[in-house]
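J.: what would the 3D arrangement of this be:
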Amino acid sequence: MSKNKLSKGQQRRVKANHQRRLKTTAEKADYDDNLFGETSEGIVISRFGMHADVESADGSVHRCNIRRTIRSLVTGDRVVWRPGKDAADGVSVKGIVEAVHDRASVLTRPDFYDGVKPIAANIDQIVVVSAILPELSLNIIDRYLVACEAQDIEPLIVLNKIDLLDDDGLRFVNEQMDIYRNIGYRRAAGFQSDSGRP
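T.: Numbers count the residues shown, from 1 in each chain. Below you'll find the model as predicted:
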């Protein structure tokens, strides 16, 4: 069964409602207002179906319901949410996501049903980690660098397990990494601290 598509008029109304919720802190909710506190800003740190974990400004994490009118919510989204209060019947409502701010950047992947699917938002940096053994994969590094460049996200290349290489292997890896260094990419190396390698 395919998803029902919203008409252009419905999409405009949904967008207008989101903008209204972003601008005001005194909006009325579809839910009983007694169940929720005042609006506040937060960041989505994980998403589970129709629920999201939102980190508030004080660092606490709240499991929140997501409004049905919010079409896309991914890790990293900045949101307006309302914390829940304990209901009279003993059921605790943790919170509700009211609206989503515009994204500064978004990392996407192809999806068979929806074309392109966002997987993370508002990313400042991507750390591309590649192990030296069993074999260094420059192809994987290149693919992640292309994704970073497409979204204007700063990459950092980290090579792991370099302490397992002999001198010839280390020389070969350094030659390969010089290619990335010469075109402006930063890199770091990961190794076991007691290996004796710098």
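
J.: domain ranges for the chain?
T.: Following automatic domain parsing, the chain resolves into domains at 8-100, 124-189.

J.: please look at residue 21 and residue 98 and confirm they touch.
T.: Yes. Residue 21 is within contact range of residue 98, at 4.8 Å (criterion: CB atoms under 8 Å). For every residue, glycine as well, the C-beta is placed using N, CA and C.

J.: among these two, which residue is more densely surrounded?
T.: Set side by side, residue 21 and residue 98 show more neighbours around residue 98, with 25 against 21, by other CB atoms under 10 Å.

J.: and that one, that's in a helix?
T.: No. Counting by DSSP: H, G, I helix; E, B strand; the rest coil, residue 98 is not part of a helix but strand.

J.: my read is that it contacts residue 73, right?
T.: No. The criterion here is CB under 8 Å, and residue 98 misses it with residue 73 at 11.4 Å.

J.: what sits in contact with each of these two?
T.: By CB atoms under 8 Å, 6 or more residues apart in numbering, residue 98 and residue 73 have these common neighbours: residue 79.

J.: which strand in this protein runs the most residues?
T.: As assigned by DSSP state E, the longest strand anywhere in the chain is strand 40-48.

J.: all helices of the chain, in order?
T.: Assignment of helices within the chain using DSSP state H yields the ranges 8-23, 138-150, 167-182.

J.: what residue ranges in this structure score low on pLDDT?
T.: Scanning the chain for pLDDT under 70 picks out 1-4, 23-34, 86-93, 189-198.

J.: all set, thanks.
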